[in-house]
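>>> quick one: sequence and predicted model below, then my questions.
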Amino acid sequence: MLVYTSITKSYLPKARVLAKSLKTFHPNWTFVLLLSDELPNSFNIKNEPFDEVLTIQELGIPNWKSWAFGHALVELCTAVKGPAAEYLARRTSVSKIMYLDPDIKVFGSLLILEDLLDEHDILLTPHLLVPELELNAIQDNEISALKHGVYNLGFFAAKTSGQGLDFIRWWADRLTKFCRDDIPGGLFTDQRWCDLAPAFFSNLHIVRNKGCNVATWNIAHRPFSRDSSGRIMAGGTPLLFYHFTSYDNGAGVGMLQKYASSQDLAHEVWEVYGEDLIKEGHGKSSHNLSWSFGKYENGEPISKEARCTYRDSLELQKAFPNPYRLIEPSFLSWWRLNKSSTSDIKIHSKYEDLYRRLIKFIKSISLRR
């Protein structure tokens, strides 16, 4: 089994916790770190729990810098998951592939999932397994799942043949073109696409094991306990992996208080996870580094408006194939000159006026030279 996760450098401590917890139960599984960033200077893979680092540059995405510019941080870290799966699936030594989000910790053997891939080609876990009864829970969990996706793509597993490979290729294509945080437009990064997957792929299996992908959105229905051996159980089933979503911004703890206030063991699990992160460098200045693709070459942050304008204009992409660069004519200069006139343009408009201004600007730069 090949397992991979996707991060920027600030998530290295989380990825270390994930990799070490996985290797505790599966020391012979291959763990690949997918990076959409530059590595810190102090990084040495010999001292890391990862078997390999795979960078966005290696995925074979045409004009990858132009493509990456059109994505915010979360969008990019999810967009690369599909192309990376397709890239890794080409390896003759890889027959099964699994993705786990970096903010996951493994608590038990995942052989049950590997075995399921002997019978099925694709595995997905839904956010919820039972209907909610309380109005607040319906709003927090069921409506949220309708907006963000029925299945949580913090996990998926697939064969690299048959429908598994078909799924990987389909998902990679959609994420390359349409991995956007645009809930009003029907998209939420990589997740909403997989709402379609059970209809498209007949050999897809929905994993209903209560110990898989436990998180605050389902923990009320999977109360924690310990069995006679001390193993943590979730809803009476061995806990296999827990998803610590929204750990950094405090929202995760807030939802834990709301839906597991009486579950002392669940709070203990969160506390131990925090200790694990600190041991791996979480909170240290060396890991609070800015995202390399979040700024232009001069260090100026890239605004969401600039990204969306560039992403939705083929003319801009042709004119500025590397929008991070400052060699004139540069996208940043064009944006400074034209951003006020594009502030009212909708994302899906045809940009006729924007195109005219672009051509005029490029001509003026050429004349000044």
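Arrived safely, thanks for sending.
>>> you'd agree K105 is in a strand?
Yes: under DSSP: H, G, I helix; E, B strand; the rest coil, K105 falls within a strand.
>>> what about it, how many neighbours?
Neighbours of K105 under the rule other C-beta atoms under 10 Å: 21. Where C-beta positions appear, they are placed from N, C-alpha and C, glycine not excepted.
>>> also the one 5 residues further on?
Using other C-beta under 10 Å as the criterion, L110 is surrounded by 24 other residues.
>>> what separation do you get for W29 and H282?
According to C-beta to C-beta, to the nearest Å, W29 and H282 sit 24 Å apart.
>>> which of the two has more neighbours?
H282 (22 against 16).
>>> got phi/psi on the more buried one?
phi -60, psi 130 (degrees, to the nearest 10).
>>> next, the contact list for the nearest residue in space to it that is not next to it in sequence, please.
Leaving aside its sequence neighbours, H282 sits nearest to P13 (C-beta to C-beta, 6 or more residues apart in numbering; 3.9 Å). Counting by C-beta atoms under 8 Å, 6 or more residues apart in numbering, P13 touches L277, E280, G281, H282, H287.
>>> the same query, at a cut-off of 10 Å, please.
I7, P102, D276, L277, I278, K279, E280, G281, H282, G283, K284, H287 (C-beta atoms under 10 Å, 6 or more residues apart in numbering).
>>> the second one is in contact with V3, isn't it?
Put plainly, it is P102. No: contact criterion C-beta atoms under 10 Å: P102 and V3 do not qualify, at 11.6 Å.
>>> joint contacts of the two?
L18, A19.
>>> G254 in helix, strand or coil?
Strictly by three-state DSSP, G254 counts as helix.
>>> do a quick rundown of the helices in the stretch 51-200 of the chain.
64-69, 73-79, 81-89, 111-119, 135-137, 143-148, 162-178, 197-200 (DSSP state H, counting those that start in this stretch).
>>> same question but for the stretch 201-350 of the chain, I mixed them up
Counting by DSSP H, counting those that start in this stretch, one finds helices in the stretch 201-350 of the chain at the ranges 251-259, 264-279, 304-311, 314-319, 331-342.
>>> which helices and strands sit right next to the second one?
Applying 3 or more C-beta pairs under 10 Å, 6 or more residues apart in numbering; DSSP states H and E, we find helix 264-279 packed against helix 12-25, strand 104-106, strand 224-226, strand 232-234, strand 241-243, helix 251-259.
>>> what do you get for the last one?
The helices and strands touching helix 331-342, judged by 3+ C-beta pairs under 10 Å, 6+ apart, are helix 304-311, helix 314-319, helix 352-368.
>>> circling back: between the helices of the stretch 201-350 of the chain, which one is closest to V74.
helix 304-311 (11.7 Å; C-beta to C-beta).
>>> list the contacts of the closest residue to A137 other than its chain neighbours.
Of all residues not flanking A137 in the chain, A220 sits nearest, at 7.0 Å (C-beta to C-beta, 6+ apart). Taking C-beta under 10 Å, 6+ apart as the contact definition, A220 lies against 130, 132-134, 137, 140-141, 235, 255, 258-261, 263.
>>> filter those down to the buried ones.
Neighbour counting by 16 or more other C-beta atoms under 10 Å classes E132, A137, D140, N141, G235, M255, Y259, A260, Q263 among the contacts of A220 as buried.
>>> and the furthest pair within these?
So, these by C-beta to C-beta: farthest apart are D140 and G235, at 18.6 Å.
>>> thought Y11 was touching T5?
Yes: Y11 is within contact range of T5, at 8.5 Å (criterion: C-beta under 10 Å).
>>> so the two - more neighbours on which side?
T5 (27 against 22).
>>> which SS state does the more buried one fall under?
Assignment for T5 (three-state DSSP): strand.
>>> quick one: the residue most central in space within the chain from I143, how far?
What sits nearest the mean C-alpha location of the chain, by C-alpha atoms, centre = their mean, is T78, with 3.4 Å. Per C-beta to C-beta, T78 is found 21 Å from I143.
>>> then G283?
33 Å.
>>> for S290, same thing?
34 Å.
>>> also I206?
The separation that I206 has from I143, given C-beta to C-beta, amounts to 20 Å.
>>> please apply the same query to T24.
T24 is 37 Å from I143, by C-beta to C-beta.
>>> try H243
From H243 to I143 the distance is 19 Å (C-beta to C-beta).
>>> who's more crowded, these two?
H243 (24 against 12).
>>> what's across from the more buried one in the sheet?
I104 (DSSP bridges).
>>> so it makes contact with G211?
No: taking C-beta under 10 Å as the definition, H243 is not a contact partner of G211, at 11.9 Å.
>>> could you tell me the least trusted of the helices and strands packed on helix 264-279?
Ranked by mean pLDDT, those bottom out at helix 251-259, with a mean of 94.
>>> how far away is the nearest residue to P223 once chain neighbours are set aside from H243?
The shortest distance from P223 to any non-neighbouring residue, by C-beta to C-beta, 6+ apart, is to Q263 (5.9 Å). Between Q263 and H243 the computed distance is 16 Å (C-beta to C-beta).
>>> likewise for W335?
To H243, W335 is 37 Å away according to C-beta to C-beta.
>>> and what of P126?
In terms of C-beta to C-beta, P126 sits 13 Å off from H243.
>>> can you list residues touching both of these two?
N152, N213, N218.
>>> now for the closest residue to the first one other than its chain neighbours, how many residues are close by?
In this case it means N152. Nearest residue to N152 in three dimensions, chain neighbours excluded: H127, at 5.1 Å (C-beta to C-beta, 6+ apart). Residues lying near H127 (other C-beta under 10 Å) number 21.
>>> can you list phi and psi of I302 for me?
In terms of degrees, to the nearest 10, the main-chain angles of I302 are phi -90, psi 120.
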